[in-house]
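A.B. asks: next input, structure requested:
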Amino acid sequence: MELTFVEYHPQRVLAAFRQGDFDALEILGQADERDFFERCFKERLLVRLAQEMPSARKKEEVPRWFILAANLSLKLHQENSFLAFERVVRCGGLLAALPPELASKHLDPKTQRWVLCCQGFNDKNSYQRQTPCDQDTLRKALKDVEAAQWLQWFNSHVQTVFQQYGFFDPAGIFVGDASYLFVPDNPAYEGSVVLWFDEHNHPVDYEQLSLEQRKKIHRERCYKWVSLLHLRGGCFVYAGALLLPGNAHEVGPFYDELLASFVATVGKGVIKWLILDRGFIDGQRISRCKQQWDLDVLISIKKKMDIWTDAWGLAAHEQWQPVPEAAPVPKPVPAQRPEHLRRQEAKRQQTLAGRRAQAAPPPPAEVRTHTDFCALKDFKSWTAATVPLHVVCLREHYADGHHDCWALMTTHSSAPALQCIGLYSRRTAIEERHRQLKCFYDLAHFRSRSFNAICAQMVMILLTYTLRQWQLWKFLEEALATLTPEQLVQQINLHQQWVVIYLGHAYTQMPLLTFTREVLQLEGLAREKTLKKIRALEQTLLEPVINPRPA
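C.D. replies: Residues are numbered from 1 along each chain as shown. Predicted structure coming up:
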């Protein structure tokens with residue numbers, strides 16, 4: 001047996017490359033999707049999640065773990081149509097993470113064409129298999145299961161697995177909220193309703209609006225999406241979800257179904273703080289959270305409530321304290337940023353500062369000067385609540401002398417007022433998740449009108465998003481958790497894509513961006529020789545994929 005060793009000689013290979021001399025190029029990269037699935041398989045996370053995944057099949061030829069993995073792959077590519085499965089399999093990293101006896105993709109050394117080999121899970125196909133299973137199999141696997149079963153699986157078994165893998169941190173901060181999902185105005189969308197919304201997408205009563213106000217509203221067919229989100233440091237975990245008709249009230253289902261199911265599944269003590277907006281005010285249910293589930297609720301107060309009147313009446317005779325203003329944190333400069341880019345950024349910041357100095361100052365009514373607060377304890381005037389409530393009144397002062405008032409109440413008896421204010425400021429994290437999932441994960445783009453398929457799509461998107469967050473906080477960088485899918489893939493690829501240059505029995509490797517810079521700096525004959533070889537490599541990558549059915 002002959003052994004050939006290829007040694008690492010970066011200076012010699014790079015010097016030859018700059019003259020246009022090299023034998024071959026290879027792009028090495030820990031592909032993002034492949035890394036995602038390899039980690040899920042290695043940790044046995046997908047297998048555990050799929051153990052109790054609902055199925056309507058009496059004979060399960062395609063295992064549930066693959067159906068789950070295939071749907072996650074579609075969502076990673078922001079695809080809701082199952083017809084895109086073949087394309088996603090070809091260009092994605094799922095096949096690379098599967099066992100080679102099930103599926104593989106390689107470059108044929110003789111024909112120099114990419115070959116896709118898929119064994120599949122049965123021998124019923126008499127034609128060349130394009131994918132491990134047909135896209136229609138995936139569609140039926142989701143559509144044939146009742147919507148209630150998908151929600152039950154996600155809100156119970158999935159959360160059990162999350163708890164076993166440490167998805168919930170000891171701080172126990174959770175946020176609940178509801179949002180509307182707009183769909184085409186087609187009555188075939190099962191369970192949807194038509195409502196009127198204002199310019200801020202808040203529902204309004206058409207009959208109570210004036211003619212001038214009616215000009216600004218719009219009519220939408222919609223669902224209501226209710227979710228429970230866990231703030232895990234800088235990352236996010238979806239701890240439960242419901243999908244209701246757009247005109248359904250979210251308070252009852254949130255407390256009685258979603259929250260009760262989560263506490264029954266993972267036990268008491270996981271949720272320590274539940275942050276809600278004033279749309280979830282319900283005295284009896286808030287008291288139940290404290291008495292039965294031992295969790296504290298932090299919620300804003302409506303001005304028409306008696307407890308608001310009582311609190312502000314007492315606050316007028318109490319001592320007020322200023323809310324400390326957080327010092328602005330300068331954005332850190334990446335260590336790998338070249339010096340010339342640092343100088344350009346510093347010059348740009350100087351230009352922006354000069355423009356801000358020359359701009360007209362905003363009106364005094366819009367310039368907030370400071371905020372002060374007053375903490376009050378043990379309110380029992382709200383008869384619907386059977387536990388004492390503690391109130392924090394806040395005033396935001398502006399340069400023209402006026403101030404805006406708002407207030408928070410909590411069931412926590414000893415939490416400092418500043419802690420409550422800081423916690424409530426994190427409530428907007430769930431609203432930003434609403435925006436990201438709708439705009440970048442196509443959560444509201446439902447191709448099917450079946451309510452079963454719509455619920456399944458919502459569950460798969462929330463599961464994909466949470467597993468992506470798990471990948472970030474455990475293996476990569478938690479700082480990437482707030483990025484959109486495109487920004488996230490770009491950041492990961494910048495660190496993981498490498499180009500290997502071969503020359504004889506020597507090689508060197510460099511980041512993709514460094515290689516691009518080297519190519520752009522080539523001149524004359526060296527540039528022509530290099531581009532010719534790169535075009536030849538590119539041509540092999542563009543050849544059509546052959547799909548032989550393995551024996």
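
A.B. asks: from here on, just use CA atoms for contacts and neighbour counts.
C.D. replies: OK.

A.B. asks: buried set for the longest strand along the chain?
C.D. replies: Secondary structure of the chain per DSSP state E: the longest strand is strand 218-232. By neighbour count on 16 or more other Cα atoms under 10 Å, the buried set for strand 218-232 is 220-232.

A.B. asks: likewise stretch 313-333?
C.D. replies: For stretch 313-333, by 16+ other Cα under 10 Å, it's Ala315, Trp320, Val323.

A.B. asks: just to revisit the earlier point, elements contacting the longest strand of the chain?
C.D. replies: strand 173-183, strand 193-197, strand 235-245 (3 or more Cα pairs under 8 Å, 6 or more residues apart in numbering; DSSP states H and E).

A.B. asks: which strands and helices sit next to the last one?
C.D. replies: Okay, so that is strand 235-245. strand 218-232, helix 451-475.

A.B. asks: and with 6 Å instead?
C.D. replies: In terms of contacts (3 or more Cα pairs under 6 Å, 6 or more residues apart in numbering; DSSP states H and E), strand 235-245 is packed against strand 218-232.

A.B. asks: who does the strand it packs on pair up with?
C.D. replies: strand 173-183 (antiparallel), strand 193-197 (antiparallel), strand 235-245 (antiparallel) (DSSP bridges).

A.B. asks: rounded mean pLDDT for it, please.
C.D. replies: Averaged across strand 218-232, the pLDDT comes to 96.

A.B. asks: can you check stretch 270-288 too?
C.D. replies: On average, stretch 270-288 scores 96.

A.B. asks: for stretch 468-482, same thing?
C.D. replies: pLDDT averaged over stretch 468-482 gives 84.

A.B. asks: restricting to C-alpha, output that stretch in CSV.
C.D. replies: What follows is stretch 468-482, C-alpha atoms only, in CSV (Å, rounded to 0.1, in the frame of the first residue of the first chain):
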residue,chain,number,x,y,z
ARG,A,468,-31.2,27.2,16.3
GLN,A,469,-31.0,29.2,19.5
TRP,A,470,-29.8,26.1,21.3
GLN,A,471,-27.1,25.7,18.7
LEU,A,472,-25.9,29.3,19.2
TRP,A,473,-25.8,29.4,23.0
LYS,A,474,-24.2,25.9,23.4
PHE,A,475,-21.8,25.7,20.5
LEU,A,476,-21.3,29.0,18.8
GLU,A,477,-21.9,32.6,20.0
GLU,A,478,-24.8,33.8,22.1
ALA,A,479,-24.3,37.3,20.6
LEU,A,480,-25.7,36.0,17.3
ALA,A,481,-29.1,35.1,18.7
THR,A,482,-30.9,38.2,17.7
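
A.B. asks: that stretch: which residues count as buried?
C.D. replies: Arg468, Gln469, Trp470, Gln471, Leu472, Trp473, Glu478, Leu480, Ala481, Thr482.

A.B. asks: how about stretch 401-419?
C.D. replies: For stretch 401-419, by 16+ other Cα under 10 Å, it's His403, Trp406, Ala407, Leu408, Met409, Thr410, Thr411, His412, Ala417.

A.B. asks: tell me which of those residues is nearest to Trp196?
C.D. replies: Trp406 (27.8 Å; Cα to Cα).

A.B. asks: please name the nearest non-neighbouring residue to that closest one.
C.D. replies: Leaving aside its chain neighbours, Trp406 sits nearest to Leu394 (5.4 Å; criterion: Cα to Cα, 6 or more residues apart in numbering).

A.B. asks: ok, that neighbour to Phe379 distance?
C.D. replies: 17 Å (Cα to Cα, to the nearest Å).

A.B. asks: shaky segments in the stretch 301-450 of the chain?
C.D. replies: Counting by pLDDT under 70, the stretch 301-450 of the chain contains low-confidence ranges at 333-337.

A.B. asks: quick revisit: rebuild the buried residues of stretch 401-419 as JSON lines, extending it with secondary structure and distance to Lys272.
C.D. replies: What follows is the buried residues of stretch 401-419, written out as JSON lines (DSSP: H, G, I helix; E, B strand; the rest coil; distance: Cα to Cα, whole Å):
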{"residue": "His403", "secondary structure": "strand", "distance to Lys272": "33"}
{"residue": "Trp406", "secondary structure": "strand", "distance to Lys272": "24"}
{"residue": "Ala407", "secondary structure": "strand", "distance to Lys272": "21"}
{"residue": "Leu408", "secondary structure": "strand", "distance to Lys272": "17"}
{"residue": "Met409", "secondary structure": "strand", "distance to Lys272": "15"}
{"residue": "Thr410", "secondary structure": "strand", "distance to Lys272": "12"}
{"residue": "Thr411", "secondary structure": "coil", "distance to Lys272": "11"}
{"residue": "His412", "secondary structure": "coil", "distance to Lys272": "10"}
{"residue": "Ala417", "secondary structure": "helix", "distance to Lys272": "16"}
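
A.B. asks: any chance of those residues in CSV, plus distance to Ala444?
C.D. replies: Output for those, formatted as CSV (distance: Cα to Cα, whole Å):
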residue, distance to Ala444
His403, 38
Trp406, 33
Ala407, 33
Leu408, 32
Met409, 33
Thr410, 33
Thr411, 35
His412, 37
Ala417, 38
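
A.B. asks: follow-up on the earlier one: so what angle separates the directions of the longest strand of the chain and helix 451-475?
C.D. replies: Relative orientation of strand 218-232 and helix 451-475, computed by axes from the mean of the first three to the mean of the last three Cα atoms, to 10 degrees: 30 degrees.

A.B. asks: what's next to strand 218-232, contact-wise?
C.D. replies: 173-183, 185, 192-197, 236-246 (Cα atoms under 6 Å, 6 or more residues apart in numbering).

A.B. asks: before we move on, the earlier item: and the buried residues of stretch 313-333, which is closest to Asp372?
C.D. replies: Nearest member of the buried residues of stretch 313-333 to Asp372, counting by Cα to Cα, is Val323, at 5.2 Å.

A.B. asks: for Val387, see how far away that closest one is.
C.D. replies: From Val323 to Val387 the distance is 27 Å (Cα to Cα).

A.B. asks: over to Glu61?
C.D. replies: Applying Cα to Cα to Glu61 and Val387 gives a distance of 54 Å.

A.B. asks: could I get the helices and strands packed on strand 218-232 as a markdown table with mean pLDDT, mean neighbour count and distance to Thr514?
C.D. replies: Formatted as a markdown table, these follow (pLDDT from 0 to 100; neighbours: other Cα atoms under 10 Å; distance: least, Cα to Cα, whole Å):
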| stretch | mean pLDDT | mean neighbour count | distance to Thr514 |
| --- | --- | --- | --- |
| strand 173-183 | 96 | 22 | 42 |
| strand 193-197 | 95 | 18 | 51 |
| strand 235-245 | 96 | 24 | 31 |
